[in-house]
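Asker: Provided below are the primary sequence and the corresponding predicted coordinates.
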Amino acid sequence: MDRIILIETSTALCSVALVEDGRIVSVRKSSEPRAHASLTAPFVREVLNERGLAVHDCNAVCVSKGPGSYTGLRVGVSTAKGLCFGARLPLISVGTLDTLVWQALDGNLLPDSCRYIVPMIDARRMEVYTGVFTPDAVQVEPTVSQVVDGKTFGRQLDEGPVLFIGDGAEKCKAVINSPNAHFVSCCPEAAAMLRPALTAFHAKKFEDLAYFEPFYLKEFIATTSNKFLTKQLS
């Protein structure tokens, strides 16, 4: 029996799921702010305990590779690597956009005659991390950082119904005005990684534990609060 631990921490939602024999058998998730570091490892322990298992009883660990939150991705990948090193398990990664696409497919969220699925991860202001996929989960346009305006995705919308899904979809409603635009606001969840994780596992598409890093898409820029600067200058 194949068992895979799934870890998704790329956005505000922290989630962990356990796969046994091709199906999800246990799930934990929380949207508690800034709690990924304190929740991810306990969630893994809980889903395993629920099934009476230990980490070494599993066959692989799968983690979201991004794009998404810098801190969230670091927590997820660090946890996954620690599990893999400790139990000598292979590491699998799944793109955050792919997870959202499968969330749409598994949840039967596509509008009738859907032409494209456009997953969106919230970045800042009107910017999203996004790509374009067909309804059979094939990516046809690359993952990019995109500032969304009224003309964005115009070509796809001219062809027919488009599903925009993710935590970046809600803010795009105000600027994407088309009868063909359909929006689902949600965060990617570990359970939706099931099919791409199983595909990678059976193909033995594993990451190099020593060198694997999340796909940030944009460099992390640390900022200093105005309150701190005022204190330093006073």
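Answerer: Yep, that arrived. Please read all numbers here as calculations on a predicted model, not as lab measurements.
Asker: Quick check: end-to-end length of stretch 21-39?
Answerer: Using C-alpha to C-alpha, to the nearest Å, one end of stretch 21-39 lies 26 Å from the other.
Asker: Which positions in that stretch come out as buried?
Answerer: The neighbour-count check on stretch 21-39 (16 or more other C-beta atoms under 10 Å) flags 24, 26-30, 36, 39 as buried. All C-beta atoms are positioned from the backbone trio N, CA, C, and that covers glycine.
Asker: which residues are contacting it?
Answerer: 1-2, 9, 12-19, 43, 46-47, 50-51, 71-72, 75-76, 187, 189-191, 194, 198 (C-beta atoms under 8 Å, 6 or more residues apart in numbering).
Asker: can you give me the strands for this protein?
Answerer: Here the chain has its strands, by DSSP state E, at 3-8, 14-20, 23-30, 60-66, 91-95, 116-122, 127-133, 139-147, 162-165, 181-184.
Asker: Geometric centre of the protein: which residue is closest?
Answerer: When C-alpha atoms, centre = their mean is applied to the chain, the residue found nearest the centroid is residue 96 (3.1 Å).
Asker: Distance of the spatially closest residue to residue 50 that is not a sequence neighbour relative to residue 138?
Answerer: Of all residues not flanking residue 50 in the chain, residue 26 sits nearest, at 4.8 Å (C-beta to C-beta, 6 or more residues apart in numbering). Between residue 26 and residue 138 the computed distance is 30 Å (C-beta to C-beta, to the nearest Å).
Asker: Need the per-residue pLDDT for residue 124.
Answerer: At residue 124, the pLDDT value in this model is 85.
Asker: same question for the longest helix along the chain, mean pLDDT?
Answerer: Criterion DSSP state H: the longest helix present in the chain is helix 70-87. The pLDDT scores in helix 70-87 average 97.
Asker: which helices and strands sit right next to it?
Answerer: Applying 3 or more C-beta pairs under 8 Å, 6 or more residues apart in numbering; DSSP states H and E, we find helix 70-87 packed against strand 3-8, helix 36-50, strand 60-66, strand 91-95.
Asker: who wins for proximity to residue 214 among those?
Answerer: Closest to residue 214 of the helices and strands packed on helix 70-87 is strand 60-66 (C-beta to C-beta; 4.5 Å).
Asker: Counting by contacts, list what the closest one packs against.
Answerer: Secondary-structure packing of strand 60-66 (3+ C-beta pairs under 8 Å, 6+ apart): strand 3-8, helix 70-87, strand 91-95, helix 96-106, helix 194-202.
Asker: how does this protein divide into domains?
Answerer: The chain breaks down into these structural domains: 3-95+188-225, 97-184 (assignment by automatic domain parsing).
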